[in-house]
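1. give me coordinates for this.
(one chain, ligands or ions: 1)
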Amino acid sequence: MHKSDINGDTMEKELMRIGVSLPDTLLNKFDEIIDQRGYSSRSEGIRDAIRNYISYYEWMGDIKGHRVGTVSVIYDHTKRGLSNALADIQHHYTHLIKSSVHIHLDHDNCFEVIVLDGDGENIKELAEAIMSLKGVKFSKLTTVASSENI
Ligand code: NI
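-> Here you go, the predicted structure:
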């Protein structure tokens, strides 16, 4: 077996082309960042972004045991059904949610921080449910082991 077959390099070398539809504001912002960071091409920036996305979700997969944490979300409250969907999710996980803060950022956007305490896998479920909602522009989960495990 060739060495590259073992470490997965072979897979990375087979480049696939994909077509992606993006809002121009999102693409312009992305182009600005990859330019500032000195990326040689948009493709290289996208590959890096996808690697970060994958490692973030792999990290999320390791969240287990009793945890405390936060989910921060920025979303467009004018998006039909989104505020209701967010409320529905939070009402489903009342046993985890200790507090939340809501700030109306501007005409369309809201910033919400949800403070959580409970089982790590449930916290992850809650975070994933929120992150996958259409209209959520930013979301971030942070967790630490609760005091008994520190
Ligand atoms: Ni608001």
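
2. where do the helices of this protein begin and end?
-> For the chain, the helices defined by DSSP state H cover 3-7, 9-13, 24-36, 42-61, 82-92, 120-131.

3. what's the last one packed up against?
-> In this structure, helix 120-131 packs against helix 42-61, strand 66-76, helix 82-92, strand 109-119, strand 136-145, with contacts taken as 3 or more CB pairs under 8 Å, 6 or more residues apart in numbering; DSSP states H and E. The C-beta positions use only the backbone N, C-alpha and C, and glycine is treated the same way.

4. buried stuff in that helix?
-> By 16 or more other CB atoms under 10 Å, the buried positions in helix 120-131 come out as 120, 123-127, 129-131.

5. so which of the helices and strands packed on helix 120-131 gets nearest the ion?
-> Closest of those to the ion is strand 109-119, at 3.2 Å (criterion: CB to the ion).

6. coming back round to it: can I get the helices and strands packed on helix 120-131 in JSON lines with mean neighbour count?
-> Converted to JSON lines, the helices and strands packed on helix 120-131 look like this (neighbours: other CB atoms under 10 Å):
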{"stretch": "helix 42-61", "mean neighbour count": "12"}
{"stretch": "strand 66-76", "mean neighbour count": "19"}
{"stretch": "helix 82-92", "mean neighbour count": "14"}
{"stretch": "strand 109-119", "mean neighbour count": "18"}
{"stretch": "strand 136-145", "mean neighbour count": "15"}
